[in-house]
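Undergrad: quick one, what's the 3D model for this:
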Amino acid sequence: MSATTTMPDKKAASAASIVLAFACVYFFWGSTYTAIRIGAVDMPALLLSGTRFIIAGGILLAWCGWRGMRVFWPGKIMLLLGIMGLLLLGGGNVGLVYAERTLPSGLASLLMAVTPLFVALIEMVLPRGEPMPSRGWLGLTLGFAGLAALLWPSLSIGLAGNYTLLWAIAALLGGALSWSVGSILSRRTGLKVNSFVAAGWQMMAAGIFATGLGTVLGEWPQFHLTGAAIGSLAYLITGGSLLGYTGFIYLIEHLPVAKVTSYAYVNPMVAVLLGILFLHEHPAPAEFAGMGAIVVAVFLMTTAHVKARSTQLPVEKLEQLPAE
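TA: Okay, the predicted model is just below:
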């Protein structure tokens, strides 16, 4: 039997639940950049991400079972959830953690803000994809100009011989691309699995993969549970995963991807501010200019897609049916 005939329909999202989910994604994800920067000092990227997601995923799935939710699904659905987890978390988060061992948290958050640009480009070339309005092209151009302004100082240093910096930038942009693909896949599959169950299995899949790979690569001798590392891990499990990521999964199932990725122009401002307050980071003028350009670019692109959808309402309704 198909997934459509064997799974109950999801309840429509309430306005209050949407607002609460956005609040979790906006604040907690913005603050996780600071927590990752602290934890990455004492824990390698794969094991920091892996232990975080295994613990958070286990807690979330246990809670779902206790609440009477269906936890186990047919193999095809479990495979899709695993693939989404590897793209969103295995690729996206591991790349971020690796990069933050070198890059300041504020700069890392600004570079990750290019995610909506990747989403828009990918959606544009996919079947039944979204055309790019002129407002969107303006935002895309401005966004990549802002990205160039952000990267230029670091690229200059990297090209002068600091290859660690270049690898960090490559890992971060690769993680943003992986996250973009996972976001689109999550939206387009329209699995009628409860949002919390889906998030739990995605975290478990990414956690097992990252921990296993970190073990194979011999990272455990570099894993040090200092007081700062424990605090970082605890915050990432609760704020970043149990609250932030489940909020993201809930939103991605009920709203268009372009609207959900509006977090990309809120998170950097939170991250930069917390980096200045708690990590004593000193963003360069180019970073502030790049942040401004990217924030405006994401605003232009998300509002452009919303306006484009309003002119194609029947198609949009059909696209949203599996996720409601």
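
Undergrad: got a list of what residue 269 touches?
TA: Contact analysis of residue 269 by CB atoms under 8 Å, 6 or more residues apart in numbering lists 30, 291, 295. Every C-beta, even on glycine, is put in place using the N, C-alpha and C of the backbone.

Undergrad: go through those and name the one nearest residue 250.
TA: Nearest to residue 250 out of these is residue 30 (CB to CB; 17.7 Å).

Undergrad: where does that closest one sit, in terms of helix or strand?
TA: Assigning secondary structure by DSSP states H and E places residue 30 in helix 15-39.

Undergrad: now the contacts of residue 269 in a markdown table, with pLDDT?
TA: Below are the contacts of residue 269 laid out as a markdown table (pLDDT from 0 to 100):
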| residue | pLDDT |
| --- | --- |
| 30 | 88 |
| 291 | 73 |
| 295 | 75 |
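
Undergrad: can you tell me which of the residues you listed are buried?
TA: 30, 291, 295 (16 or more other CB atoms under 10 Å).

Undergrad: which of these lies closest to residue 246?
TA: Of the buried ones among the contacts of residue 269, the one sitting nearest to residue 246 (CB to CB) turns out to be residue 30, at 16.3 Å.

Undergrad: circling back: from the buried ones among the contacts of residue 269, pick the one nearest residue 203.
TA: Nearest to residue 203 among these: residue 30, at 19.6 Å, using CB to CB.

Undergrad: looking at it, that closest one is touching residue 265, isn't it?
TA: No. Using CB atoms under 8 Å, residue 30 is not in contact with residue 265, being 10.7 Å away.

Undergrad: low-confidence ranges, the stretch 151-300 of the chain, go.
TA: Applying pLDDT under 70 to the stretch 151-300 of the chain flags the ranges 158-161, 257-258, 261.

Undergrad: go again using 80 as the cut-off
TA: 151-162, 187, 190, 253, 256-265, 283-292, 294-295, 297-300 (pLDDT under 80).

Undergrad: out of the contacts of residue 269, who's nearest residue 170?
TA: Nearest to residue 170 among those is residue 291, at 20.9 Å by CB to CB.

Undergrad: and the residue nearest to the spatial centre of the chain, what element?
TA: For the chain, the residue nearest the mean C-alpha position is residue 179 (5.6 Å; CA atoms, centre = their mean). Assigned by DSSP H and E, residue 179 belongs to helix 163-189.

Undergrad: what comes up buried for the next helix or strand after that helix?
TA: Remark: after helix 163-189, the chain's next helix or strand is helix 195-216, criterion DSSP H and E. In terms of neighbour count (16+ other CB under 10 Å), helix 195-216 has its buried residues at 195-211, 213-214.

Undergrad: what's the answer for stretch 92-101, then?
TA: 92-101.

Undergrad: may I see the residues you listed arranged in CSV, with pLDDT as well?
TA: Output for those, formatted as CSV (pLDDT from 0 to 100):
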residue, pLDDT
92, 89
93, 90
94, 91
95, 91
96, 92
97, 93
98, 91
99, 91
100, 91
101, 89
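
Undergrad: in strands, which of the residues you listed appear?
TA: Assigned to strands by DSSP state E, none of the buried residues of stretch 92-101 qualify.

Undergrad: what about the residues you listed, which are in helices?
TA: 92-100 (DSSP state H).

Undergrad: want to throw those residues into CSV with distance to residue 117?
TA: Shown next, in CSV, are those (distance: CB to CB, whole Å):
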residue, distance to residue 117
92, 15
93, 19
94, 21
95, 16
96, 17
97, 22
98, 21
99, 18
100, 21
